[in-house]
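In: The sequence isn't on hand, but the structure is:
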């Protein structure tokens, strides 16, 4: 029995994607990890659609409907996979040249949306612009070549994107990140010259696998317990924010938070309850401040939030929301009402040219001032 080459290729490509999804940490709250997972899922969906479509095309008498479903999914969402790759790479870049990079993002988004509209219009109107089936046979439409060229162009544009903005990528990630568009482009080129071998998804999958080993599984900037950034990741992000602010890229704010009476949780409920509390608070911060903020565990029961917020009213509202969510948490877990967080925040002033160390010390002092106030109030409650 001879197994066709596309079956072997799709099987092993799908296996790679499934394994990457299994091993990819589902607990990570870092934006890069979420976008990496989205890229894996979309590539797997397209690969499955291609497999189903080929089965239907090979056996049109009984399974032609599979070909129609599979090819419709591919034609609709092919460009979305490329868009997800761009969004993933964007996670590893600093804020410099953000406006120029945004133009690339707009171009990719526009292509994805226009493609979906075009495919739906072609299907509803019966114009068969991209593909169609007649007497159980798959045919390419008049705009098939044009769309194919556009797909190739945008894959090549991923390659150009990394080259143009290579200096915006953190130096420790630059070479690794370059692999995704490089291998994806190689797969697209091979698809043109190797007949009956659809290499695009295989190329993207291989690029994702390399990134997993070099970036996702070895990202030393992620806190293993909470899935948010660790102290090292926060230090890197703060240095970048200050550098951007000093070069006219806009200011930012940082909030330090320390859990009040955390030791009591460990003493009265056990260390597992303490670990779970740290995880819960990380979840609260992600929910309140969103994925765009840099959220990290500074150490032990201390957290830091770095964001673009520069309005004190908005910052105070966010902090108040954190307090409200912690009240819900302690009611749910049965903890003492003294469980809370002490916060100190500061909006960075580029005119003062503060270093990251100086800026951290200022926020620390503000946080510990509030912590002393909280402890004093708690003692007064006990005395009453």
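Out: Received it, and whenever you're ready, just let me know what you need. Values in this document were obtained by computation on a predicted structure and should not be read as measured data.
In: how about the strands of the protein, start to end?
Out: In the chain, strands defined by DSSP state E lie at 131-134, 137-140, 253-260, 294-299, 302-307, 340-347, listed in chain order.
In: And the second one, what's buried?
Out: The neighbour-count check on strand 137-140 (16 or more other Cβ atoms under 10 Å) flags residue 138 as buried. Bear in mind the C-beta positions are built from the backbone N, C-alpha and C, glycine included.
In: counting contacts, what elements does that strand pack onto?
Out: helix 60-90, strand 131-134 (3 or more Cβ pairs under 8 Å, 6 or more residues apart in numbering; DSSP states H and E).
In: Just give the strands next to the shortest one in its sheet, each with its orientation.
Out: Based on DSSP bridges, the pairing partners of strand 131-134 within the sheet are strand 137-140 (antiparallel).
In: For the partner strand, what is the distance to the chain centroid?
Out: 37 Å (Cα atoms, centre = their mean, to the nearest Å).
In: Next: stretch 88-106.
Out: Taking Cα atoms, centre = their mean, one finds stretch 88-106 lying 13 Å from the centre of the chain it belongs to.
In: Run through the helices of the stretch 201-350 of the chain in chain order.
Out: In the stretch 201-350 of the chain, helices defined by DSSP state H, counting those that start in this stretch lie at 231-246, 262-269, 271-289, 312-333, listed in chain order.
In: so what are the domain limits for this structure?
Out: 5-218, 231-383 (automatic domain parsing).
In: Pass me the low-pLDDT residue ranges in the stretch 51-200 of the chain, would you?
Out: Screening the stretch 51-200 of the chain residue by residue with the criterion pLDDT under 70, one finds the ranges 95, 170-172, 191-198.
In: Repeat the analysis, applying 50 as the threshold.
Out: Under the criterion of pLDDT under 50, the regions of the stretch 51-200 of the chain flagged as low confidence span 195.
In: Let me see the ranges of the helices in it.
Out: Using DSSP H, counting those that start in this stretch, the helices of the stretch 51-200 of the chain run over residues 60-90, 98-125, 144-164, 174-177, 179-193, 200-214.
In: hmm, back to that, residue 224 is nearest to which of the domains of the chain?
Out: domain 5-218 (8.9 Å; Cβ to Cβ).
In: Leaving out the residues flanking it, which one is nearest to residue 365?
Out: Counting by Cβ to Cβ, 6 or more residues apart in numbering, the nearest residue to residue 365 once its immediate chain neighbours are dropped is residue 344, at 7.0 Å.
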